[in-house]
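**Student:** Build me a structure from this.
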Amino acid sequence: MEQLGERIGLSRVQLYRKTKTLCGYSPNELLRATRLKRAASLLASTEKTIAEITYEVGFSSPSYFTKCYKEFFGENPANFLKRKNENTGL
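**Tutor:** Numbers count the residues shown, from 1 in each chain. Predicted coordinates for the structure are as follows:
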């Protein structure tokens with residue numbers, strides 16, 4: 001986040017405040033939400049494993065990804081995949 005702030009001419013604190021005011025999220029929360037939405041898209045449209053998607057979208061571990069995914073979407077990614085496979089007859 002500090003590098004982003006430097007690129008647009010804001011300190012880390014200014015970036016945090018402006019992002020929170022404009023979006024309602026801190027920069028880290030916004031980044032996490034973006035990563036989770038991308039992960040959901042990949043889960044829905046590819047046959048990649050949860051671990052592959054975890055690292056592809058920028059999370060450091062599958063367990064942390066699963067925790068964040070469940071908090072954000074209300075179900076864990078394994079349950080999502082199970083439902084997806086049941087609906088597609090796999």
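**Student:** in the lowest-mean-pLDDT helix or strand in the chain, what counts as buried?
**Tutor:** The weakest-scoring helix or strand in the chain, judged by mean pLDDT, DSSP states H and E, is helix 2-7 (a mean of 80). Applying a neighbour-count criterion of 16 or more other CB atoms under 10 Å, one finds residue 5 buried in helix 2-7. In this view, the C-beta of every residue, glycine as well, is placed from N, C-alpha and C.
**Student:** which helices and strands does that helix pack with?
**Tutor:** Here helix 2-7 touches helix 12-23, going by 3 or more CB pairs under 8 Å, 6 or more residues apart in numbering; DSSP states H and E.
**Student:** relative to helix 12-23, how tilted is the next helix or strand after the helix it packs on?
**Tutor:** Following helix 12-23 in sequence order, the next helix or strand is helix 27-45 (DSSP states H and E). If you take axes from the mean of the first three to the mean of the last three CA atoms, to 10 degrees, helix 27-45 sits at 60 degrees to helix 12-23.
**Student:** Show me what helix 27-45 is packed against.
**Tutor:** By 3+ CB pairs under 8 Å, 6+ apart, helix 27-45 packs against helix 12-23, helix 50-56, helix 62-73, helix 77-88.
**Student:** returning to what we had before: please work out which residues outside the least confident helix or strand of the chain touch it.
**Tutor:** Residues from elsewhere that reach helix 2-7 (CB atoms under 8 Å, 6 or more residues apart in numbering): 11, 12, 14, 15, 27.
**Student:** before we move on, the earlier item: how about the helices and strands packed on helix 27-45, which one is nearest residue 36?
**Tutor:** Proximity to residue 36 (CB to CB) singles out helix 62-73 among the helices and strands packed on helix 27-45, at 4.8 Å.
**Student:** tell me how far that closest one is from the chain's mean position?
**Tutor:** Put simply, helix 62-73 sits 8 Å off its chain's centre (CA atoms, centre = their mean, to the nearest Å).
**Student:** Stretch 66-74 too?
**Tutor:** Counting by CA atoms, centre = their mean, stretch 66-74 comes out at 9 Å from the chain centroid.
**Student:** can you check stretch 24-32 too?
**Tutor:** On the basis of CA atoms, centre = their mean, stretch 24-32 sits 10 Å off its chain's mean C-alpha point.
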